[in-house]
Structure formats: C-alpha cells, structure tokens
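# Requesting a structural model of the entry that follows:
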Amino acid sequence: MEKVPQVQALLKQFPWGRVEKDGTFAEPLVRAYYNVLGAEGFGYWSIPGGSNAHLRQSSNTSGALRVDDTKGFEHGYMLLSDKMLPDETGWKLEKRLIPRLVFELGTEPELASKVDIVDWDSWYKWRNLPKESPAALLLHYPLTVYQLLVNVLHVTGPKRSSSESRQALNVHYIGAEVELNMLPLFSELALLLPHTDIKMTFFGTAVHSLVNKAKKNSIAMKAKQNEPVYTYTSPTSCGASTLSIFLHGDHENWDPRLPFLLGSKPDAIVGPNAGLTSYPTWQFVILCCHADNTPFAVTEYAEQSTELQRDALPQIIAHALPRLHSAGMNGKELHNLTRAREYPIAFNPFQRPGQRNLGSVRLPNVPNGFTMRVVGNDEQEIIHPVSAGVPVPASDLSELLQKTEQFSLNCLD
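Predicted coordinates for the structure are as follows:
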C-alpha cells in the first residue's frame, strides 16, 4: 500500500484528477467532459469500449461509465484510410491543450538535452501545456517507451547524441493494440531524443489483423510494401530527429527467426502493459532475449504482479532448459540464458494518471504503472558463474502464474 500515495499524488496534480471514494479514477468521466469518449470517430482517443484491456471477453459489474462494447472495432482503423489525421482532428481538443508536433517559428520546445524531463510535471512545463490538458491520458504510451529506453535500459538518452554524431535506434514494440489509434503521438520520442534516428516496428495480433485488412492506397498497405506507415522529423532547433514507424503484419507474434529479422537485431524490445506470465507467447520472447542478450523491458499494471513475474522468470528459463539442451543449445547462448540476472522493478513516473476501476482492488493498479528490466546490457547485469539451474516442478511454475494473473487482472480495464 506504500505506493498508493504516490499514485494518488501523481493524479492530483491535474485539475481533472479526482480520486473517487473507493480510491479509483473515473477516466471515462474525464473523457466525456472533454467530449472524447467513444469508439470510431474520436481520433486518437478511439477505444473499443467495455471493460476489456486486451479485447478479451469480460463482464462489467462495476456500473462505471464506459463506452459500450463495440463489435467489429478495429484498432488502427484510421490507417485503413489514405491520410493521417492532423493534430487538431486527432486530439479533438482546444488548441491550447494540444501538444503540437508542427510549430511556428520560435514556438518549438527547448532542446531536450538542455532540460531534465523526468515526470509529468517537467514534461508539461517543457511542452508549455497547462495541466488542464488531458494529454497525459494518451501520452503515457510514448513517454513510457522513453522511460524504458532511457532510464530502464539505458540504450539512449537526450544528451547521448549530437549533430556531429547521430544515433540510429532500432526498437521493437510488442503487443500494440490501442497504440495503433495514435501513432503520431510517438513523435514525442523524436522531440525527447535530439539527433536520433528512430525506427520502431510494431508487432502483435492487432497489427496482424489490421495489415491483413489493408486496401490499395491505404496507409496500412505501406506495411505490406515494407514501408513506414508514419514518419516524423523534429524541428532543426530540437535536433532534427526522425521517427519511422513500421507495422509487421505477416505474423501475429514476434519471432527472431522471421526472415526480415535475421541479421537485424533490435537495440531494444519493449512491451507496455505486457502481462509476461499471462500470455504464453511472451515465453519465447523471454527466452530469446536472455539467450541473445537483447535489451528488453516491460511495464505492468500492478507492482505485486510485477514481483511475481520477476520470481517466475528464472523458473520459466529453468523449465525450458531440458528442451533447449535437447535442441543443441550451448556456448554463449546457454551462458547468457543461465547466468543470474537482476530484474529491477520501479514506479513509472510516466504512468497513466489514476487507479483503474477494479472494484475491490485497492493496491495500485495503473496502466503502465511499473517498469521492469528483463534483460539489460552487460554493464547493467551482474556477472555470475554459469549455472544451468535446477528445473522447477511444473506445479510450482503453474502456481506462480496463477498468482500473477490474480494480481495483474489483465482482463480488466
């Protein structure tokens, strides 16, 4: 419960940040106040509605205001058209409340390497936005990626590059869903990381579904042509950074054996609101990133579920070792896979403001609430002697996974 005051303080800094009697935050009420509560036709705010965090069937008994479940809702539906939404149409807010991406001369934010952007307060000041703006309710997605890349994985930073020495950064984003409705918002990364050329590739079931529905001349069709579906270049005064977003629609899941990934190892893999032990497909990502030593970090809703997932990671690896030995794994990959690692957990200062409406749950449970480094670089990891570990009984692993599901409540929103 020690994190409850932190979660509530983060919310209360906003004029719209009311803590309800049960400790939750009624986000749909805020969206309704700003007239951005709905499914198709609500720009970046478009959501399928209901109580599902990941488009899974679930009942809603809280009685909270929500969007009605929308049958056939397609995350990223706007990419099935031929034009990306401009700022005003995407945000659907007053101009003074919008974190603009196109600037008149002299209105650009200060070069990010000259300021310390560490939380919502510093970000709002840097972007010259009033706290009245509800932008944080969406921008927690790109700013959480910033937090993971800069402060969790340390693969980049606002002061790392210069006009003479630019950085190329290749990021894989796994499990994208609602993020597909707001791709331009990830341009914030180009503003936050001066002199950096960022390539982001989105993977996931929703990505696969969207790309398969792409029609001729649509934005999503570019994914089938191995072209970026969205690009952005920050102003010269902000470092002239570039962002290129690609959608991988050929497969539902990330797999390093995919032809286009061979010989193209990402600099980092991120999985916001991952649910590492709730979805079986993550286990392959976990094993591959450990074996290849690929920087990998995630966020989770609840600190308790994150701790249980941290405890489950060595057991997932140990459980897979006999199968991997039989497949002939040895040498460096086996060393990377079996060496002891730390999995540090931290409060995410760029989490979405406000506790989720989960009825009886009182422990902090927030979208992008807590970060965890799964695999760091060699400087971050403690080097230990190689140990193949002891395979964990399946019953112990199953028990841990069940406890994790209870704490994370990934099926609710």
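# what about the helices in the stretch 101-250 of the chain?
120-126, 136-147, 188-192, 205-212, 221-224 (DSSP state H, counting those that start in this stretch).
# so which of those helices gets nearest L324?
helix 205-212 (26.1 Å; Cβ to Cβ). In short, each C-beta sits where N, CA and C put it, glycine included.
# who's in contact with that closest one?
The contact list for helix 205-212 (Cβ atoms under 8 Å, 6 or more residues apart in numbering) reads 55, 74-77, 79-80, 176-177, 180, 220, 223-224, 247-252.
# can we see that at 10 Å?
54-55, 74-77, 79-80, 173-181, 201-202, 204, 218, 220-224, 229, 246-253, 279, 281 (Cβ atoms under 10 Å, 6 or more residues apart in numbering).
# Contact partners for the residue nearest the centre of the chain?
In the chain, the residue lying closest to the centroid (Cα atoms, centre = their mean) is P272, at 2.9 Å. Shown in contact with P272 (Cβ under 10 Å, 6+ apart): 140-142, 144-145, 148, 173-177, 179, 297-300, 348, 367-368, 371.
# Just to be sure, which of the contacts of helix 205-212 are found in strands?
If you go by DSSP state E, these have 173-174, 201-202, 246-247 in strands.
# where does the stretch 301-413 of the chain have low pLDDT?
Applying pLDDT under 70 to the stretch 301-413 of the chain picks out residues 359-360, 378, 382-413.
# can you give me the helices for it?
For the stretch 301-413 of the chain, the helices defined by DSSP H, counting those that start in this stretch occupy 303-326, 331-338, 394-408.
# Just the CA trace of the shortest one, in CSV.
Taking Å, rounded to 0.1, in the frame of the first residue of the first chain, the C-alpha atoms of helix 331-338 are listed here in CSV:
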residue,chain,number,x,y,z
GLY,A,331,28.1,-21.9,-25.7
LYS,A,332,27.4,-18.2,-25.4
GLU,A,333,23.7,-18.5,-25.8
LEU,A,334,23.5,-21.0,-22.9
HIS,A,335,25.7,-18.8,-20.8
ASN,A,336,23.5,-15.8,-21.4
LEU,A,337,20.4,-17.8,-20.7
THR,A,338,21.5,-19.4,-17.5
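# Show me what counts as buried in it.
By neighbour count with 16 or more other Cβ atoms under 10 Å, helix 331-338 contains the buried residues 333-334, 336-338.
# That helix to helix 303-326, inter-axis angle?
150 degrees (axes from the mean of the first three to the mean of the last three Cα atoms, to 10 degrees).
# for the helices of the stretch 101-250 of the chain, which one sits closest to V285?
Nearest to V285 among the helices of the stretch 101-250 of the chain is helix 205-212 (14.1 Å), distances taken as Cβ to Cβ.
# looking only at pLDDT, what's the mean for that closest one?
The average pLDDT within helix 205-212 is 96.
# Next: stretch 138-154.
Averaging pLDDT along stretch 138-154 gives 98.
# if we can go back for a sec, report the buried members of the contacts of P272.
Applying 16+ other Cβ under 10 Å to those, the neighbour count classes 140-142, 144-145, 148, 173-177, 179, 297-300, 348, 367-368, 371 as buried.
# can you redo the helices of the stretch 101-250 of the chain as a markdown table with distance to H325?
Shown next, in a markdown table, are the helices of the stretch 101-250 of the chain (distance: least, Cβ to Cβ, whole Å):
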| stretch | distance to H325 |
| --- | --- |
| helix 120-126 | 47 |
| helix 136-147 | 36 |
| helix 188-192 | 40 |
| helix 205-212 | 31 |
| helix 221-224 | 38 |
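# for these, which one sits closest to Y343?
Across the helices of the stretch 101-250 of the chain, Y343 has its closest neighbour in helix 136-147 (16.4 Å, Cβ to Cβ).
# Just give me how far the closest one sits from the chain centre.
Centroid separation for helix 136-147 versus its chain: 8 Å, with Cα atoms, centre = their mean, to the nearest Å.
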